[in-house]
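Colleague: test case, fold it:
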Amino acid sequence: MRKRQKAETAATSYLSSIGREKASASTPQSQFHVDLWCYFTVQNWILDFGRPIVMIILPLEWFPLNKPSAGDYFHMAYNVITPFLLLKLMERSTTTLPRSAVYLSIITFVMGASIHLVGDSINHRLILSGYQNHLSVRENPIIKDLKPASLIDSFELLYYYDEHLGHCMWYIPFFLIIFLYFTGCFTQAKEEKVPRSGWLLLGPSAIYYWYLVTEGQIFVLYVFTFFAMAATVMRQKRMGYVLDSNGRFLLYNFIITLGLVVVWVIYLWNDNVLRKKYPGIIYVPEPWSYYTLHIKGS
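Modeller: As a prediction, the model looks like this:
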């Protein structure tokens, strides 16, 4: 009887220790993902923001108009690397996120970015031929005199795929994934501060998001995501949870980006030409429209 009791006690203590190990493994401590945020920032600046700059700087003889340009290869790399980084970011979430929503978002993201790749590639070649981004398709000198006139409809369809459908299928899943990850950036432990590496990445990251919001014409989507994040913070705070360092990095990113967009709009508030291209209540000019209007000619 004594031997049996000792064996049962040993088995019970062994099983309880395994349970404690599993519990500690299932609730990992949050840690600032300096490597992922650095990868995101570097590849966004090089492969997305730097893409049109490379197409302008490199000699046209290296990349004929009937072949993919250097910027197109940058875009192809972006369409592969960014979904991979998003999946790695989801893997590091401290909570279990809905897999179906993540997978569908990644698939839609890749499809939208690929549509944009084709439209943006052709649009760049039009710019090299004299197309002016600050004018509408039908008002462009190289477009309005095309014969037959039905060709103009084809270019408007291309513009729709590039600037509307492609952007929606690209950016809506992107911000949905960011928001899903943000919902898991809460902890009941002591309040975590953004480390020094995060503050160093915050400026370049926010500037890129300013470019993303203005050039992608997604101000409404961006503000909606920001309000959803703020509402999540207030709700979790009432439940006793606080943001970890990764969540704070994202929230600060959105706040600084919003301030940069406001400054950009105020700076171009009285620009009559851009006002004509971007009518309506929400007036957020694209940086490349500003470039073709005020910089390219000089």
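Colleague: centre-most residue in the chain?
Modeller: Centroid-nearest residue in the chain, with C-alpha atoms, centre = their mean: residue 174, separated by 5.5 Å.
Colleague: how much space is there between it and residue 194?
Modeller: As judged by C-beta to C-beta, to the nearest Å, residue 174 and residue 194 stand 22 Å apart. Any C-beta I mention is one placed from the backbone N, CA and C, and that applies to glycine too.
Colleague: which parts of this structure are strands?
Modeller: Remark: strands assigned in the chain by DSSP state E are 186-187, 242-243.
Colleague: how about the ones you listed, which one is nearest residue 65?
Modeller: Minimum separation from residue 65 across those (C-beta to C-beta) falls at strand 242-243, 48.9 Å.
Colleague: name the residues that touch that closest one?
Modeller: With contact meaning C-beta atoms under 8 Å, 6 or more residues apart in numbering, strand 242-243 is reached by 185, 186, 187, 188, 191, 192, 233, 236, 251.
Colleague: residues near the third one, how many?
Modeller: Read that as residue 187. Neighbours of residue 187 under the rule other C-beta atoms under 10 Å: 19.
Colleague: mind checking pLDDT for the closest residue in space to it that isn't next to it in sequence?
Modeller: Excluding its sequence neighbours, the residue lying closest to residue 187 (C-beta to C-beta, 6 or more residues apart in numbering) is residue 244, at 5.0 Å. At residue 244, the model reports a pLDDT of 92.
Colleague: residue 46 reaches residue 74, doesn't it?
Modeller: Yes: the criterion here is C-beta atoms under 8 Å, and residue 46 meets it with residue 74 at 7.2 Å.
Colleague: neighbour count winner among those two?
Modeller: When neighbours are counted by other C-beta under 10 Å, residue 46 and residue 74 differ, and residue 74 comes out ahead with 22 against 16.
Colleague: my guess is the more buried one meets residue 44, correct?
Modeller: No: judged on C-beta under 8 Å, residue 74 makes no contact with residue 44 at a distance of 11.2 Å.
Colleague: circling back to that earlier point, could you dump the strands of the chain into CSV and include distance to residue 180?
Modeller: Output for those, formatted as CSV (distance: least, C-beta to C-beta, whole Å):
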stretch, distance to residue 180
strand 186-187, 13
strand 242-243, 15
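Colleague: what's the closest of these to residue 153?
Modeller: strand 242-243 (49.3 Å).
Colleague: pull up the pairing partners for that closest one, direction included.
Modeller: strand 186-187 (antiparallel) (DSSP bridges).
Colleague: what mean pLDDT does the strand it pairs with get?
Modeller: Per-residue pLDDT over strand 186-187 has a mean of 90.
Colleague: distance check, residue 188 against residue 94.
Modeller: 11 Å.
Colleague: name the helices or strands packed onto the lengthiest helix in the chain?
Modeller: Using DSSP state H, we find that the single longest helix of the chain is helix 99-128. Using 3 or more C-beta pairs under 8 Å, 6 or more residues apart in numbering; DSSP states H and E, the elements in contact with helix 99-128 are helix 70-91, helix 150-160, helix 166-182.
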